[in-house]
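Asker: Based on what follows, work out the 3D shape:
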Amino acid sequence: MIDFSQALQDKIDIITENWIEAVRGDEEIGTAKQLTYDSVRDSLPIVLEAIVTMLSQSEESDFRAVIQESLDHGAVRAQQGYDAEEIAREYRLLRRVIFDALEPELLKGSAAEVNRAYRLIDTALDEAIADCFQTYTQGRFQELQDLQNQLQLTNQELTRLLRASQENISHLAHELKTPLTSIIGYSELFVRQINNPRVKDSAPNLAHIDKVLNNGRLLLRLINDTLEISRYDTGRIKLQVSATNVRSAIGTVVEIIEPLAKAKNLEITLECDPVLDQVMTDYLRLQQIITNLVSNSIRYTQAGTITIKTELLSDQHWSLCINDTGIGIASEDCDRIFQPYFRANSSVASGMPDSTGLGLAIVERLVNLLQGKIELVSEVGVGSSFTVIFPLELDGV
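Answerer: Residues are numbered from 1 along each chain as shown. Next up is the predicted model:
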C-alpha cells in the first residue's frame, strides 16, 4: 500500500520550490516577478500540510486548515495587486507541480489508491481556490471602496479647477471620459452578474473588478496630476529647503521604481557625482522630478538601458541627466512635450499605456520652482535625453 500522505509530506519543500519557480517563470503571472520569494510562497507550505492530513488514513475530510490559509492567501494576493487570472493560474500550476512530484508513487499505487489520492487532492485544491477567491473579491471590493473615498475627498478641491482656463477644463473632460465610461460600464456588468443567482464568482467576473480598479486608478492619477498642475499655477506649492544628498535621493527613487524596469527587462544605471552631497534644495520635490522623468523613460522604452547621471558643472550649478533607449520624440513635438495633456505622435502611435499627459508638465513646473531649466534632446527610434540644470543653492528661499 502506498502512503501518499507521507510521500507528499516528504516532498513539501521541493513542491514549494518548484511551484515558486513555475509561478515566477510564467509570463502570464507578471505580478509575481515584482515580489520577494517569501511573498510569493505565502501560506503554501501550510496548505500542503493540510492536504497531507487529508491524505492520511485516519482523516479524509479535515478542510479547516485549507480553508483558513486559502482565505488568508486571497486577502494577501488582493493586497499584492494580483488579478483574478493570475490567481487561477497559480492554482493550476500548483495542481500540476503536486502531481508531477507524486508521479513515482502514483505509478506504483493501485487503481483505488490513485483514485483516492487524485480525488482528495483535487477536492482540497478546488476548496482552496474557492475560498481564496472569496477573500480576494472582498479585498478588491474594499479597494474599490477606498478608491471611491479618495475620489470623494478630491472632489472639493477639483471644483477649484473651474477657475482654470476653458481649454484645460475641456482637455480634462476629454481625458476623464474614457476611464470613467469604462468604470461605469464594468460596474454595471458586475452588478448584473452579482444579482443573477445562477452566476457564481469566477475568474472572468473578478477580472471585471480588475478593469474597474485599473481605470479607477488611472482616473485618480489624472485628477491628482491635474491638481498638482493647479497648485503650481496658483502658487500654492511651498518649498521645504534643506541640505540634500543627491545620490541618496536618486537611490531611494530607483529602489521604488526598479521593479517596473525589471518587469520590462530594462537596466537602470547610475553615474552620480559624489560631491553633490550638500545641495540646498527641496528634497521631496527633487525626488518627484526624478520619479516622473525615470517613470516616463520606463514607460516609453521597450528594451535597453536607462541612465541617470549627475554632474557638478561649476561652483553654482549642477546637472541631472536621464537618458533612455526608448521610442524617442519627433523634433516637431519636442517644443510641446511639456504642455499639459499633450502626447507626442510617436507615443500615441505606439499605444503606450496609462499616460495622463501631465507627467512632463508637472516636471517642468517643479524644475522652474527649484530655479532650474530643463532641456530635451530626442530622436525617434533612438531614445531621449532629459537634462536639468539646477543651482547648488536656491536664491531668496
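
Asker: Remind me what the host helix or strand of E255 packs against, helices and strands.
Answerer: Here E255, judged by DSSP states H and E, is contained in helix 246-263. If contacts are counted by 3 or more Cβ pairs under 8 Å, 6 or more residues apart in numbering; DSSP states H and E, helix 246-263 sits against strand 267-271, helix 283-299, strand 305-312. Backbone N, C-alpha and C define where each C-beta goes, glycine included.

Asker: just the ones you listed: most buried one?
Answerer: Sort the helices and strands packed on helix 246-263 by mean neighbour count, taking mean count of other Cβ atoms under 10 Å, and helix 283-299 sits at the top with a mean of 21.

Asker: what's that one in contact with?
Answerer: With contact meaning Cβ atoms under 8 Å, 6 or more residues apart in numbering, helix 283-299 is reached by 237, 239-240, 242, 244, 246, 249-250, 252-254, 256-257, 260-261, 264, 266, 268, 306, 308, 320, 322, 324, 326, 352-355, 359-360, 362-363, 366-367, 369-370, 384, 386, 388.

Asker: circling back to that earlier point, lowest average pLDDT across the helices and strands packed on helix 246-263?
Answerer: The stretch with the lowest mean pLDDT among the helices and strands packed on helix 246-263 is helix 283-299, at a mean of 92.

Asker: And for P104, the neighbour number?
Answerer: Per other Cβ atoms under 10 Å, the neighbour tally for P104 reads 10.

Asker: Next, it: phi, psi?
Answerer: Listed backbone geometry of P104 is phi -60, psi -40, with angles given as degrees, to the nearest 10.

Asker: three-state assignment of the closest residue to A7 other than its chain neighbours?
Answerer: Nearest residue to A7, sequence neighbours excluded (Cβ to Cβ, 6 or more residues apart in numbering): E105, at 4.5 Å. In three-state terms, and counting by DSSP: H, G, I helix; E, B strand; the rest coil, E105 is helix.

Asker: do the same with F386
Answerer: strand.

Asker: Tell me the confidence at N265?
Answerer: 91.

Asker: Dig out what T281 forms beta bridges with.
Answerer: Going by DSSP bridges, T281 is paired in beta bridges with S242.

Asker: For the remainder of this discussion, apply numbering that starts at 626.
Answerer: Got it, the first residue is 626 from now on, which makes the last one we talked about T906.

Asker: Let me know the pLDDT of it.
Answerer: pLDDT recorded at T906 is 95.

Asker: contacting residues for it?
Answerer: With Cβ under 8 Å, 6+ apart, T906 has these contacts: V866, S867, T869, L995, F1015, L1019.

Asker: what's the distance between the first one and G1021?
Answerer: To tie it back to what came earlier, the one meant is V866. Look at V866 and G1021: by Cβ to Cβ, to the nearest Å, they are 11 Å apart.

Asker: ok so, going back, mark which of the contacts of helix 908-924 are buried, thanks.
Answerer: Buried subset of the contacts of helix 908-924 (neighbour count, 16 or more other Cβ atoms under 10 Å): 869, 871, 874-875, 878-879, 882, 886, 891, 893, 931, 933, 945, 947, 949, 951, 977, 980, 984-985, 987-988, 991-992, 994-995, 1009, 1011, 1013.

Asker: re earlier: check the contacts of T906 and tell me the two furthest apart.
Answerer: Across the contacts of T906, no pair lies farther apart than S867 and F1015, at 14.5 Å, counting by Cβ to Cβ.

Asker: Now the helix or strand where E989 lies - C-alpha only, CSV.
Answerer: Assigned by DSSP H and E, E989 belongs to helix 984-994. C-alpha atoms of helix 984-994 as CSV (Å, rounded to 0.1, in the frame of the first residue of the first chain):
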residue,chain,number,x,y,z
GLY,A,984,3.9,64.0,-16.0
LEU,A,985,6.3,66.2,-18.0
ALA,A,986,4.1,69.3,-17.5
ILE,A,987,4.5,68.7,-13.7
VAL,A,988,8.2,68.2,-14.2
GLU,A,989,8.7,71.5,-16.0
ARG,A,990,6.8,73.4,-13.3
LEU,A,991,8.7,71.8,-10.5
VAL,A,992,12.0,72.5,-12.2
ASN,A,993,11.0,76.1,-12.5
LEU,A,994,10.1,76.1,-8.8
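
Asker: Output the contacting helices and strands for it.
Answerer: Going by 3+ Cβ pairs under 8 Å, 6+ apart, helix 984-994 lies up against helix 828-858, helix 908-924, strand 998-1004.

Asker: V866 and G1021: who's more crowded?
Answerer: Taking other Cβ under 10 Å, V866 and G1021 do not tie; V866 has more neighbours (15 against 4).

Asker: related to what we said a few turns ago, by how many degrees do the helix holding E989 and helix 908-924 diverge?
Answerer: Put simply, helix 984-994 runs at 150 degrees to helix 908-924, going by axes from the mean of the first three to the mean of the last three Cα atoms, to 10 degrees.

Asker: Contacts made by helix 984-994 with the rest, please.
Answerer: By Cβ under 8 Å, 6+ apart, the residues outside helix 984-994 that reach it are 850, 853-854, 857-858, 862, 864, 907, 910, 913-914, 917-918, 920-921, 962-967, 998-999, 1013, 1015.

Asker: same check, this time on stretch 883-892
Answerer: With contacts defined as Cβ under 8 Å, 6+ apart, stretch 883-892 is touched by G655, K658, Q659, I893, S920, I923, T926, Q927, A928, G929, T930, I931.

Asker: is it true that the last one touches D949?
Answerer: Yes: the pair I931 and D949 qualifies as a contact (Cβ atoms under 8 Å) at a distance of 4.8 Å.

Asker: Am I right that P899 sits in a strand?
Answerer: No: P899 is assigned coil when assessed by three-state DSSP, not a strand.

Asker: my read: it touches R872, true?
Answerer: Yes: contact criterion Cβ under 8 Å: P899 and R872 qualify, at 6.9 Å.

Asker: Compare these two (neighbour count), which wins?
Answerer: Taking other Cβ under 10 Å, P899 and R872 do not tie; R872 has more neighbours (17 against 10).

Asker: I am finished for the moment; much appreciated.
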